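Enquirer: Sharing a sequence plus its predicted fold:
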Amino acid sequence: MDAPFHHHCRELPVSSSPARSAVEHLDVLIVGAGISGIGAARYLRTELPSKSFAILEAREASGGTWDLFRYPGIRSDSDLHTFGYEFKPWRDEQSIADAPRILDYLRQAAAENGLEAHTRYRHKVLGASWSTDDARWTVEVERTDTGERSTLTCGWLFCAGGYYRYDEGFTPRFEGLDRFRGPVVHPQHWPERLDYAGKRVVVIGSGATAVTVVPAMADTAAHVTMLQRTPTYVLPIPRADVVANALKKYLGQRRGYALARRKNIVQQRLIWSFCQRFPKAARRLIRWVNTRQMPAGYPVDLHFNPPYDPWDQRLCAVPDGDLFRAIREGRASVVTDRIATFTEQGIVLESGRELAADVVVTATGLNVQAFGGIRLTVDGREVRLPDTLAYKGMMLSGVPNFAFAIGYTNSSWTLKIGLLCEHFCRLLAHLDAHGYDICRPEPADPGMPTRPFLDFGAGYVRRAVDSLPRQGDRMPWLTSMDYRDDVRLLRSGSVADPELVFSRAAVRAEATA
């Protein structure tokens, strides 16, 4: 039970309000119909069934990442017993699942919870303006198919669009790229009919996308070369979780899924904690596993020995060791070097070696974009994200009635999303119970030391760090990446907090005066 309001929060004075125009009003507007948005809508519908809400999705289909990306072999690198929702058992035999299975699962979750009727496709949110007097957001929306613009209002804005740009992947500048005669493809924009059968393919990159694409393309290409500037930690894992499947078989889907989920949460934490506490031992263990996957004499230290410690960046999982198998069988290879220039027939490396290519895939990463690039203003003042602090990893200092969903970087994304959505619903119920319309996080110490919101070594994060919110050095301003800590904070802890300011809307105060 949440603690009484007066013990934890302070009330703000209210001011007068101008007349409101007759536009559609919703209690909650969710931006994004991917795994986070579907989850948020389901929790809202289940926990607070009287609340009106809509999901606005800029694209023409639900599923987010799992509908957008169409490159060969696309799959999750987290197990679906933790990447799936807590409320919906993952019934498939595959634990590390491909995109079509994940997409089916997400759309089943939406259908089972009646969310399709609340979802508006081809609706892109351009900006949102908050009025404290009215205790509401005015949201500017554009139809992506017609260009038509409209506005609506909402009591709460919930951004569930992840943290990268859906319309543009990241490709560094490559010398001479325009000279290359073959197709150059970014995985985020995979052509529907790209023909690479019997062709020489070079995949530039070494992250999760590259290690997925290489073995998948190697099935039909003449040969696939993974060209990397810096190695990544790569670990083989079983595609099917034998224990989880046995638990579901003998205990039933719901109980078996719950136990498998708990098992995998503990397993993920143990692996991450081991890598953090004993990085040298973890490096040796990963190297030993890699060596066992490769032929005798293979230069493991050249191609699979990163200059950073394990989990300074995310580990790349390869189901059933498919990448290693493609290398062993001679269908794929790894080259660790830097690009000097492209030529008509391929790529010249700084070592002087030339890689012949018919097709080049630039698996070079994402462009980070916070909250879908939505422009936010509060009482006429623009919100500069680098000037804000993340409160409990789900709200922004000085920004009222605004929440967002960012999952874990060191574990399954959805584990955190579920906890955030639960906490969000409890927060809204708390406001209703105490007769409040507005809540806004405000740090008690504005001079608190800060650090980047995503404290993570990946290149896509480092490139964008100056455009993102920041986090503080203590709770509730720390962005936790620990599921156990978040269970205590978000599921068990009170929603009321001394640094969360509550108030009533001026219009309601006037109406009841």
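Expert: The structure has been received and is ready for your questions.
Enquirer: Could you pull up the mean pLDDT of stretch 501-513?
Expert: In this model, stretch 501-513 has a mean pLDDT of 66.
Enquirer: no no, stretch 91-108
Expert: Confidence over stretch 91-108, taken as the mean pLDDT, stands at 94.
Enquirer: List the contacts of that stretch.
Expert: Stretch 91-108 has contacts (CB atoms under 8 Å, 6 or more residues apart in numbering) with 34-35, 38, 62-63, 66-67, 69, 73-81, 83-84, 88, 90, 237-241, 244-245, 248, 253, 257, 317, 319. C-beta: built from backbone N, CA, C; applies to glycine.
Enquirer: same deal with stretch 226-234?
Expert: Stretch 226-234 is contacted from outside by 202-207, 210-211, 214, 286, 290, 302-307, 310, 313, 315-318, 323-324, 332-339, 347, 349, 355, using CB under 8 Å, 6+ apart.
Enquirer: Tell me the gap between that stretch and the middle of its chain.
Expert: Averaging C-alpha positions (CA atoms, centre = their mean, to the nearest Å) puts stretch 226-234 22 Å from its chain's average.
Enquirer: What residues of it count as buried?
Expert: Taking 16 or more other CB atoms under 10 Å as the neighbour-count basis, stretch 226-234 is seen to contain the buried residues Met226, Leu227, Gln228, Pro231, Thr232, Tyr233, Val234.
Enquirer: That stretch: end-to-end distance?
Expert: Stretch 226-234 has an end-to-end distance of 13 Å (criterion: CA to CA, to the nearest Å).
Enquirer: list the buried ones in the helix of greatest length in the chain?
Expert: Among the elements of the chain assigned as helix by DSSP state H, the one spanning the most residues is helix 253-277. Judged by neighbour count using 16+ other CB under 10 Å, the buried positions of helix 253-277 are 256-261, 263-265, 268, 271-272, 275.
Enquirer: With respect to Arg488, which of those residues is nearest?
Expert: Distance from Arg488 was checked for each of those by CB to CB. The minimum falls on Ile265, at 14.2 Å.
Enquirer: Run a quick check on that closest one versus Leu415, I expect a contact.
Expert: Yes: under the criterion of CB atoms under 8 Å, Ile265 makes contact with Leu415 at 6.8 Å.
Enquirer: for the nearest residue to Phe53 once chain neighbours are set aside, what are its contacts?
Expert: Setting aside the residues directly before and after it, Phe53 is nearest to Val28 in space (CB to CB, 6 or more residues apart in numbering), at 4.2 Å. Remark: with contacts taken as CB under 8 Å, 6+ apart, Val28 is in contact with Leu44, Lys51, Ser52, Phe53, Cys154, Gly155, Trp156, Leu157, Phe158, Leu428.
Enquirer: what ranges do the helices span in the stretch 351-500 of the chain?
Expert: Taking DSSP state H, counting those that start in this stretch, the helices of the stretch 351-500 of the chain run over residues 413-434, 459-464, 483-486.
Enquirer: Out of those helices, flag the one nearest Ile406.
Expert: Across the helices of the stretch 351-500 of the chain (criterion: CB to CB), the nearest stretch is helix 413-434, sitting at 7.5 Å.
Enquirer: For the closest one, enumerate the helices and strands it packs against.
Expert: Helix 413-434 makes packing contacts with helix 35-47, helix 80-83, helix 483-486 when contacts are defined by 3 or more CB pairs under 8 Å, 6 or more residues apart in numbering; DSSP states H and E.
Enquirer: quick check: domain ranges of this structure?
Expert: As assigned by automatic domain parsing, the chain contains the domains 5-166+367-511, 171-364.
Enquirer: In terms of mean pLDDT, which of the ones you listed ranks lowest?
Expert: Lowest mean pLDDT within those: domain 5-166+367-511, at a mean of 88.
Enquirer: Pull the contacting residues for the spatially most central residue of the chain.
Expert: Centroid check for the chain by CA atoms, centre = their mean gives Gly162 as the closest residue, at 4.4 Å. In this structure, Gly162 makes contact with Gly32, Gly34, Ser36, Gly64, Thr65, Ile406, judged by CB under 8 Å, 6+ apart.
Enquirer: longest strand in the protein, by residue count?
Expert: For the chain, the strand reaching the highest residue count under DSSP state E is reported as strand 149-159.
Enquirer: ok and it relative to helix 413-434, angle-wise?
Expert: With axes from the mean of the first three to the mean of the last three CA atoms, to 10 degrees defining the directions, strand 149-159 sits at 100 degrees from helix 413-434.
Enquirer: Next, the buried residues of strand 149-159.
Expert: So for strand 149-159, counting by 16+ other CB under 10 Å, buried means Leu152, Thr153, Cys154, Gly155, Trp156, Leu157, Phe158, Cys159.
Enquirer: Taking those residues, tell me the two that lie furthest apart.
Expert: Greatest spatial distance in the buried residues of strand 149-159: Thr153 and Cys159, 16.4 Å, computed using CB to CB.
Enquirer: Turn the helices of the stretch 351-500 of the chain into TSV, columns for distance to Thr388 and mean neighbour count.
Expert: Output for the helices of the stretch 351-500 of the chain, formatted as TSV (distance: least, CB to CB, whole Å; neighbours: other CB atoms under 10 Å):
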stretch	distance to Thr388	mean neighbour count
helix 413-434	17	21
helix 459-464	15	17
helix 483-486	20	16
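Enquirer: Could you dump those into TSV and include distance to Asp133?
Expert: Written out in TSV, the entries for those read as follows (distance: least, CB to CB, whole Å):
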stretch	distance to Asp133
helix 413-434	17
helix 459-464	34
helix 483-486	35
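Enquirer: returning to that earlier point: mind listing which of the contacts of stretch 226-234 are in helices?
Expert: Ala210, Val211, Val214, Ile286, Asn290, Leu302, His303, Leu323, Phe324.
Enquirer: Tell me which residues touch the fifth one, please.
Expert: Residues touching Asn290, when contacts are defined by CB under 8 Å, 6+ apart, comprise Val234, Val300, Phe304, Phe324.
Enquirer: The fourth one now?
Expert: Residues touching Ile286, when contacts are defined by CB under 8 Å, 6+ apart, comprise Tyr233, Leu235, Phe304, Pro310.
Enquirer: Now the first one. Nearest residue, chain neighbours left out?
Expert: So the one you mean is Tyr233. Ranked by CB to CB, 6+ apart and with sequence neighbours excluded, the top spatial neighbour of Tyr233 is Leu315, at 4.9 Å.
Enquirer: Using PDB, write out the CA atom coordinates for stretch 149-168.
Expert: Taking C-alpha atoms only, stretch 149-168 is exported to PDB below (Å, rounded to 0.1, in the frame of the first residue of the first chain):
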ATOM      1  CA  ARG A 149      -2.100  17.400 -39.200                       C
ATOM      2  CA  SER A 150      -4.300  17.400 -36.200                       C
ATOM      3  CA  THR A 151      -4.200  17.900 -32.400                       C
ATOM      4  CA  LEU A 152      -5.500  16.000 -29.400                       C
ATOM      5  CA  THR A 153      -5.000  16.400 -25.700                       C
ATOM      6  CA  CYS A 154      -4.100  13.900 -23.000                       C
ATOM      7  CA  GLY A 155      -3.500  13.900 -19.300                       C
ATOM      8  CA  TRP A 156      -0.400  11.700 -19.600                       C
ATOM      9  CA  LEU A 157       2.000  11.200 -22.400                       C
ATOM     10  CA  PHE A 158       3.800   7.800 -22.400                       C
ATOM     11  CA  CYS A 159       6.700   7.400 -24.900                       C
ATOM     12  CA  ALA A 160       7.200   3.700 -25.800                       C
ATOM     13  CA  GLY A 161       9.300   4.100 -28.900                       C
ATOM     14  CA  GLY A 162      12.600   2.900 -27.700                       C
ATOM     15  CA  TYR A 163      15.800   4.900 -28.200                       C
ATOM     16  CA  TYR A 164      16.700   4.700 -31.900                       C
ATOM     17  CA  ARG A 165      15.500   6.200 -35.100                       C
ATOM     18  CA  TYR A 166      13.200   4.000 -37.100                       C
ATOM     19  CA  ASP A 167      13.700   5.900 -40.400                       C
ATOM     20  CA  GLU A 168      17.500   6.000 -40.500                       C
END
